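Peer 1: predicted coordinates and the sequence they were generated for:
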Number of protein chains: 2
Amino acid sequence: MRIHATRRTVLAGAAAATAVAAAPSVAQATSRNATTAPTAGRGPRVGILLYDGYSLLDPTGPAEILSRLPGATVTMIAERRGPVRTDTGDVAVLADRAIAEVDRLDVLLVPGAGNRGTIGAMENQALLDFIRRVDRHTQFTTSVCTGALVLAAAGLLTAGQRATTYWASAGYLESEFGVVYVPERWVRSGKLVTAAGVSAGLDMSLYLAAELAGDTVAQGIQLAVEYDPRPPFDAGDASQASPELKALALRLLEDSQV
Amino acid sequence: MRIHATRRTVLAGAAAATAVAAAPSVAQATSRNATTAPTAGRGPRVGILLYDGYSLLDPTGPAEILSRLPGATVTMIAERRGPVRTDTGDVAVLADRAIAEVDRLDVLLVPGAGNRGTIGAMENQALLDFIRRVDRHTQFTTSVCTGALVLAAAGLLTAGQRATTYWASAGYLESEFGVVYVPERWVRSGKLVTAAGVSAGLDMSLYLAAELAGDTVAQGIQLAVEYDPRPPFDAGDASQASPELKALALRLLEDSQV
């Protein structure tokens, strides 16, 4: 068959969007931004810290959302440049920058991992030094899942502060660091924003998008990634889960990890 | 400070999970699986086809979910091995296998992309040949977002079939291929399962997990990734969005892409 894609857009309305761009309603809706025109390099500099054994969705969900912010750059960073493997060993994301090459970020995000990866990051002084150094100048320093434990190990999340983390790590965050666990999708404490487990990074990132570029842009991003979640089950809330389902969830994690 | 992580688990309950594993309630709950014990290589072989300009969450959301299936392997595949960049150019995921190296898969997933990436894939005969070749033996052949257009270009999704795709590509899917667009999070048509835009791959993957390993395992995975979505806005449903918000969404996409 013949594909007409070269002569038209497969995303109907993309051309129309340009025409609509100057309409008052859109201009007004985006007034909290300087502009939504191409501004690569003039929007927020987002850095995501990869380390061996992270969970794939923790960095990639937020990267998908935050990369749509006008002018944003999203950079994957690790101790050294190159591929960094997930907890299951199945997938590697490329770190385009080494920590030594990164000076200033507007947003730093630390993803979570399984036991091995989380403990490794919590004991990696080079990573913790990087987090502390970059945090001095960020607008937001953030985590997903057990990334909160890494922020705590770096001394950024301290006793008495409110935060969230992976449901199964809440007890550890409280007993080890004296942090007050709040079972929300994301929790802001000053410029620290922590998200709950894995998929909660998506919700937190829309919150961050709204803080950085306004509610309307965040809503535009939500529509851009068609984030109208309708999972086939309602089993994602640990506070409603049976002990058996919690045990199964942790066993599935453990068995899938290398 | 001293970290006690090496002497205990940061995921409280992970040890307990092992103890609970043999309890009748869990054994019963997982009876639709042969086993939930470590079975690496004996579970579903999932292959995700990367190509230049894909949207990051399209392959990574499903990879996160499906990699938790007992014994599953998830492999990132591309025309050639090596890093494959997203539509924004910000992030590269490593393809661990070239299409020529992959013979049989239980699940094939084709992600979506922006205009450039989608058109490129629809016109890449090597990719389309691979999709057709692998599809002969899959249990499920699936897509996320505009990946449905690639399946249609490969001739797998044909006139009169029901499918979903990215909201802004629905008209193109219908006019170009005669496919019947169904605005659901995922649509099954025989062994073809298509998901709506970007984030819908998460919902579809939980459906696939249930089909492959039973409802209880899928629910365990949902809890494992704490997928209890609570975005700060309710703007992800295109059928409820204003023309202005749709225009903004498409403009944010276009401006963020390289």
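Peer 2: Ah, there it is.
Peer 1: centre-most residue in chain A?
Peer 2: In chain A, the C-alpha closest to the average C-alpha coordinate belongs to A:P62, at a distance of 3.3 Å (C-alpha atoms, centre = their mean).
Peer 1: name the element it belongs to?
Peer 2: Assessed by DSSP states H and E, A:P62 sits inside helix A:57-66.
Peer 1: show me what that helix is packed up against.
Peer 2: Using 3 or more C-beta pairs under 8 Å, 6 or more residues apart in numbering or on different chains; DSSP states H and E as the contact definition, the elements that helix A:57-66 packs against are strand A:45-49, strand A:73-78, strand A:107-110, strand A:140-144, helix A:200-213, helix B:57-66. In this view, the C-beta of every residue, glycine as well, is placed from N, C-alpha and C.
Peer 1: which one of the ones you listed lies closest to A:D255?
Peer 2: Each of the helices and strands packed on helix A:57-66 was checked against A:D255 via C-beta to C-beta, and the shortest separation belongs to helix B:57-66, namely 13.9 Å.
Peer 1: contacts for the closest one, please.
Peer 2: Helix B:57-66 has contacts (C-beta atoms under 8 Å, 6 or more residues apart in numbering or on different chains) with A:55-57, A:60-61, A:64, A:90-91, A:198, A:225, B:44, B:46, B:48, B:50, B:72, B:74, B:76, B:93, B:107, B:109, B:111-113, B:142, B:144-145, B:147, B:198-199, B:201-202, B:204-206, B:208-209, B:221, B:225.
Peer 1: same question for stretch A:233-240, mean pLDDT?
Peer 2: Here stretch A:233-240 scores 98 as its mean pLDDT.
Peer 1: flag every buried residue along that stretch.
Peer 2: Counting neighbours by 16 or more other C-beta atoms under 10 Å in any protein chain shown, one finds that the buried residues in stretch A:233-240 are A:F233, A:A235, A:G236, A:D237, A:A238.
Peer 1: so the first one is in contact with B:D215, correct?
Peer 2: Looking back up the chat, that one is A:F233. Yes: here A:F233 lies in contact with B:D215, judged by C-beta atoms under 8 Å, at a distance of 7.0 Å.
Peer 1: now the helices for chain A?
Peer 2: Shown for chain A, the helices assigned by DSSP state H span residues A:14-20, A:24-29, A:57-66, A:115-122, A:125-135, A:147-153, A:170-177, A:200-213, A:215-224, A:243-256.
Peer 1: is any part of stretch A:130-149 close to chain B?
Peer 2: Yes: Stretch A:130-149 lies within reach of chain B by C-beta under 8 Å from any C-beta of the partner chain, at A:C145, A:T146, A:L149.
Peer 1: for that stretch, measure first residue to last.
Peer 2: End-to-end distance for stretch A:130-149: 15 Å, by C-alpha to C-alpha, to the nearest Å.
Peer 1: tell me the buried residues in it?
Peer 2: With burial defined by 16+ other C-beta under 10 Å, the residues of stretch A:130-149 counted as buried are A:130-131, A:134-135, A:138, A:140-149.
Peer 1: now do the closest residue to A:Y51 other than its chain neighbours against B:R81, distance only.
Peer 2: The shortest distance from A:Y51 to any residue other than its chain neighbours is 4.7 Å, reached at A:A121 (C-beta to C-beta, 6 or more residues apart in numbering or on different chains). A:A121 is 28 Å from B:R81, where distance means C-beta to C-beta, to the nearest Å.
Peer 1: ok, these two, which is more surrounded?
Peer 2: More crowded of A:A121 and B:R81, by other C-beta atoms under 10 Å in any protein chain shown: A:A121, with 29 against 16.
Peer 1: mind checking how far that one is from A:A200?
Peer 2: In this structure, A:A121 and A:A200 are separated by 18 Å, where distance is defined by C-beta to C-beta.
Peer 1: same check, this time on A:G147
Peer 2: Applying C-beta to C-beta, the value for A:G147 to A:A200 is 11 Å.
Peer 1: do A:A12 as well
Peer 2: In this view, A:A12 and A:A200 are 32 Å apart by C-beta to C-beta.
Peer 1: equivalent analysis for A:Q222, please.
Peer 2: Note on A:Q222: its distance to A:A200, by C-beta to C-beta, is 15 Å.
Peer 1: again with A:V74
Peer 2: Separation of A:V74 from A:A200 (C-beta to C-beta) stands at 18 Å.
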